[in-house]
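Asker: would you be able to build a 3D model of this:
(chains A, B, C and D)
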There are 2 protein chains.
Amino acid sequence: MTTITDIAAALGITPSTVSRALAGSSRVKEETRRAVEKKAKEMGYERNVVASNLRKGASSIVGIVVPRIHREFFSNCIGGAESVLNQAGYNVLICQTIESFESEVKALKTLKNYRVAGVLLSHAIESRSGDHVKEILGNTPLVQFDRVFPDLAGAKIVGDNCDGAFKATLHLIQAGYKRIGTLAGYMSSQAYVERLAGYRLALERAGIPFDPSIVYENTIVRETGYEAGLKAIEAGCDALYSSGAFNALGAIDALKEKGISIPDQFGIVGTANEGFTALINPSLSTLGQHPFEMGQAAARAFLEGSTDTEIIPMELIIRESSRKH
Amino acid sequence: MTTITDIAAALGITPSTVSRALAGSSRVKEETRRAVEKKAKEMGYERNVVASNLRKGASSIVGIVVPRIHREFFSNCIGGAESVLNQAGYNVLICQTIESFESEVKALKTLKNYRVAGVLLSHAIESRSGDHVKEILGNTPLVQFDRVFPDLAGAKIVGDNCDGAFKATLHLIQAGYKRIGTLAGYMSSQAYVERLAGYRLALERAGIPFDPSIVYENTIVRETGYEAGLKAIEAGCDALYSSGAFNALGAIDALKEKGISIPDQFGIVGTANEGFTALINPSLSTLGQHPFEMGQAAARAFLEGSTDTEIIPMELIIRESSRKH
DNA sequence: TGCAAATATACAAACGTTTGCACAAATCGC
DNA sequence: GCGATTTGTGCAAACGTTTGTATATTTGCA
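Answerer: Okay, the predicted model is just below:
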């Protein structure tokens, strides 16, 4: 590979001038610059960013840490972040934690060792606090998104979980459903806590007493959603606000099995606008999370050096599963 | 950040000894090594991999270039590749081309500038040959996957498109469908050419003449699938092998609109086992592509320095849309 | 005891850039 | 036409590692 030293030698000047010329410094003569640029192209020069970064003590890499790359939500976040960062001249180094705390620690250390310009992080479900992040990352800029620890300094991008769940539950109430349960997620995760709070708030505003016996916690996947769905039927529910999409799918399985018609006898609204929700039968009303926009927002927060918390609204998409006639 | 020089100073030895101690060289005394390791931990030392890579002229980063990160197929490839590479001590730098040739060129240049250890590439639809890759990447190891140019040297990981399409079409024939059309993709892409070939082969083996008038090219998204579906009905087809999943969905839209029952009156098999295909009604029979395994295979090919072409079998998953009673 | 071999560490250069400082040449004001 | 300023380039150090070679120390053996 050709280096600036090669170019300098070919032109009978020094590497420093070549460096300045290519960097567009005003301290080099127009004529020299042109000569350098011509020669560089001729010799197929491409800057070694590793050397450049080392010398400048800076990096053009931003690390992104997510639980799982191939989860629809996160791959969309990554896509959004990449598009913004790439525009700004950054590249993204991606690590997945597979929800393991240990892997999260390892990923953060790796990124620190690369001296990345910043880190965009969504925590593993196993992580219980942000202490390890602070310790490992030091003063490397950090933006947390989706799964966030409030006590950890720096920008945070979160969905408006409480408001979203509120809107979803309110919609079920207004549609005329009377006994509305919820498939709650893990209470160790802020997002699920907030969704439960929004659900509760909507009930209380409508004068409906909150009934903990129809709150089904730790239901996240299709199977647990199915089981919770059966319990909800048993408990006399006629609607569910579900804090996820796959658990809602499981609940629908249960309803179909019991011959309960959706939405006439039972209404359901899920969360996270996964692709399939619009395509199943009945199509699932859902709270859209805008993961692509969250990724973009996280990237922008990094670029702007923001330390604010940005709340991305969630959008209620009403489909067949809650459209009572 | 502490450096090996700091550690050396603290111990009254030289950076070279520290470096060797941390690298586990046999040329440093056991006692010294322990002292160095202790001090390193004490001072919170983490190796600067940028400097290390510069000096060693090596890199522990592998670049992955895909059309779109958030496409289910590619995010699964990335997930598979990341899991294998991470195990082997590599990290992945991800670039997306958004199907643009220009972006692909830019991405490859970027990766070259980072002096990555290797590149895993799936081409943008706009790319018409691999010439630019050879020119930009030089001797950087390259593994192509899914979208591949055969004339480009190096390992290739591809789905067994021809065999898969053959199996899918054969299945439709055996189910008793008589006039089987196909939603073909873009003939500029090898994968779609092969799928068409497999479709044709199955017909010919069964003694059914190949009829170009029921081959619907350039149908890839739901809308074009819908339009092609209408044409297929018009043309008297009673089945379709579709080279994608979303176009198959569009064809189903058309069939439903016309009140044609699936699978009794019309059979359909799609390609690429997208999540939704199992969840829609009727569930869509599909050719599964194993993207996670393809990503793993690509990563392994890189690690092993293979230059072979590896063919990942495609799996026919028979669901409701082709299960004729 | 003395010399060769083995062991452990130091020295210094190198990877390819960038950048503060020095210096030479050109330009300007008066 | 002289000193002051501007302009353009060179020199050399630095970023934090790694590594070939040299040197110092220890060990082994006769």
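Asker: only C-alpha atoms for contact and neighbour calcs from this point on.
Answerer: OK.
Asker: quick check, A:Ile311 in a strand?
Answerer: Yes: with DSSP: H, G, I helix; E, B strand; the rest coil as the criterion, A:Ile311 is part of a strand.
Asker: that one: neighbour count?
Answerer: Residues near A:Ile311, counting by other C-alpha atoms under 10 Å in any protein chain shown, number 16.
Asker: again, but for A:Lys178
Answerer: Residues near A:Lys178, counting by other C-alpha under 10 Å, number 15.
Asker: I'd like the distance between it and A:Ile208.
Answerer: Applying C-alpha to C-alpha, to the nearest Å, the value for A:Lys178 to A:Ile208 is 9 Å.
Asker: now swap in A:Ser129 and tell me
Answerer: 34 Å.
Asker: the closest residue to A:Glu37 other than its chain neighbours: what's it in contact with?
Answerer: With C-alpha to C-alpha, 6 or more residues apart in numbering or on different chains as the criterion, A:Glu37 has its nearest non-adjacent residue at 6.9 Å, and that residue is A:Leu22. Contacts for A:Leu22 (C-alpha atoms under 8 Å, 6 or more residues apart in numbering or on different chains) come out as A:33, A:36-37.
Asker: for A:Ala254, which residues are in contact?
Answerer: Going by C-alpha under 8 Å, 6+ apart, A:Ala254 touches A:226-227, A:229-230.
Asker: which one (most neighbours) among the residues you listed?
Answerer: Tallying neighbours with other C-alpha under 10 Å puts A:Gly229 at the head of those, with 29 neighbours.
Asker: please list the members of the contacts of A:Leu22 that lie in helices.
Answerer: Mapping the contacts of A:Leu22 onto helices (DSSP state H) picks out A:33, A:36-37.
Asker: which parts of chain A sit against chain B?
Answerer: Within chain A, the positions adjacent to chain B are A:46-51, A:53-54, A:68-72, A:75-76, A:78-79, A:82, A:91-96, A:113-115, A:275-276, A:279-281 by C-alpha under 8 Å from any C-alpha of the partner chain.
Asker: before we move on, back to that, okay, the contacts of A:Ala254 in CSV with secondary structure next?
Answerer: Shown next, in CSV, are those (three-state DSSP):
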residue, secondary structure
A:Tyr226, helix
A:Glu227, helix
A:Gly229, helix
A:Leu230, helix
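Asker: for those, give me a markdown table that also has pLDDT.
Answerer: As requested, these are exported to a markdown table (pLDDT from 0 to 100):
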| residue | pLDDT |
| --- | --- |
| A:Tyr226 | 98 |
| A:Glu227 | 98 |
| A:Gly229 | 98 |
| A:Leu230 | 98 |
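Asker: strands of chain A, residue ranges please.
Answerer: A:61-66, A:91-96, A:118-121, A:142-145, A:155-159, A:180-183, A:215-216, A:239-242, A:267-271, A:285-288, A:309-312, A:315-317 (DSSP state E).
Asker: so which elements touch the fourth one?
Answerer: To tie it back to what came earlier, the one meant is strand A:142-145. Secondary-structure packing of strand A:142-145 (3 or more C-alpha pairs under 8 Å, 6 or more residues apart in numbering or on different chains; DSSP states H and E): strand A:118-121, strand A:155-159, helix A:291-304.
Asker: bridging residues for the nearest residue to A:Asn273 once chain neighbours are set aside?
Answerer: Using C-alpha to C-alpha, 6+ apart and skipping residues adjacent in sequence, the residue nearest A:Asn273 is A:Gly288, 4.5 Å away. Per DSSP bridges, the residues bridged to A:Gly288 are A:Glu315.
Asker: so what's A:Gly288 up against?
Answerer: Going by C-alpha under 8 Å, 6+ apart, A:Gly288 touches A:271-273, A:314-317.
Asker: which of those has the most neighbours?
Answerer: When neighbours are taken as other C-alpha under 10 Å, the top entry among these is A:Thr271 (29 neighbours).
Asker: can I assume that one is in contact with A:Ser242?
Answerer: Yes: the criterion here is C-alpha atoms under 8 Å, and A:Thr271 meets it with A:Ser242 at 6.3 Å.
Asker: can you redo the helices and strands packed on strand A:142-145 as CSV, where the extra columns are mean neighbour count?
Answerer: As requested, the helices and strands packed on strand A:142-145 are exported to CSV (neighbours: other C-alpha atoms under 10 Å in any protein chain shown):
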stretch, mean neighbour count
strand A:118-121, 26
strand A:155-159, 25
helix A:291-304, 23
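Asker: now those as CSV including mean pLDDT?
Answerer: Listed next are those as CSV, based on pLDDT from 0 to 100:
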stretch, mean pLDDT
strand A:118-121, 98
strand A:155-159, 97
helix A:291-304, 98
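Asker: where does the stretch 101-250 of chain A get nearest to DNA strand C, which residue?
Answerer: DNA strand C sits closest to A:Arg115 of the stretch 101-250 of chain A, with a gap of 14.5 Å, by C-alpha to the nearest atom of the strand.
Asker: and for that residue, the neighbour number?
Answerer: For A:Arg115, the tally of surrounding residues (other C-alpha under 10 Å) stands at 25.
Asker: spit out the contact partners of it.
Answerer: A:58-59, B:48, B:50.
Asker: you'd agree A:Val105 is up against A:Asp131?
Answerer: No: A:Val105 lies out of contact with A:Asp131 (C-alpha under 8 Å); the separation is 10.6 Å.
Asker: of these two, who's got more company?
Answerer: Remark: of A:Val105 and A:Asp131, A:Val105 carries more neighbours, 17 against 12, as counted by other C-alpha under 10 Å.
Asker: close to DNA strand C: what parts of chain A are there?
Answerer: Taking C-alpha under 7 Å from any atom of the strand as the contact definition, chain A meets DNA strand C at A:1-5, A:15-17, A:19-20, A:22-23, A:45-49, A:51-52, A:54-56.
Asker: let's see it at 10 Å
Answerer: Residues of chain A lying near DNA strand C by C-alpha under 10 Å from any atom of the strand: A:1-8, A:14-25, A:27, A:45-58.
Asker: for chain A, which spans come out with low pLDDT?
Answerer: Chain A contains no residues with pLDDT under 70.
Asker: and the helices in it?
Answerer: For chain A, the helices defined by DSSP H occupy A:4-11, A:15-23, A:30-43, A:49-56, A:72-87, A:101-113, A:131-137, A:161-174, A:190-205, A:222-234, A:246-257, A:291-304.
Asker: now stretch A:52-69: buried residues?
Answerer: A:53-54, A:59-69 (16 or more other C-alpha atoms under 10 Å in any protein chain shown).
Asker: could these be laid out in CSV, adding distance to A:Cys237?
Answerer: Output for these, formatted as CSV (distance: C-alpha to C-alpha, whole Å):
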residue, distance to A:Cys237
A:Asn53, 60
A:Leu54, 62
A:Ser59, 55
A:Ser60, 53
A:Ile61, 50
A:Val62, 47
A:Gly63, 45
A:Ile64, 41
A:Val65, 39
A:Val66, 36
A:Pro67, 33
A:Arg68, 34
A:Ile69, 36
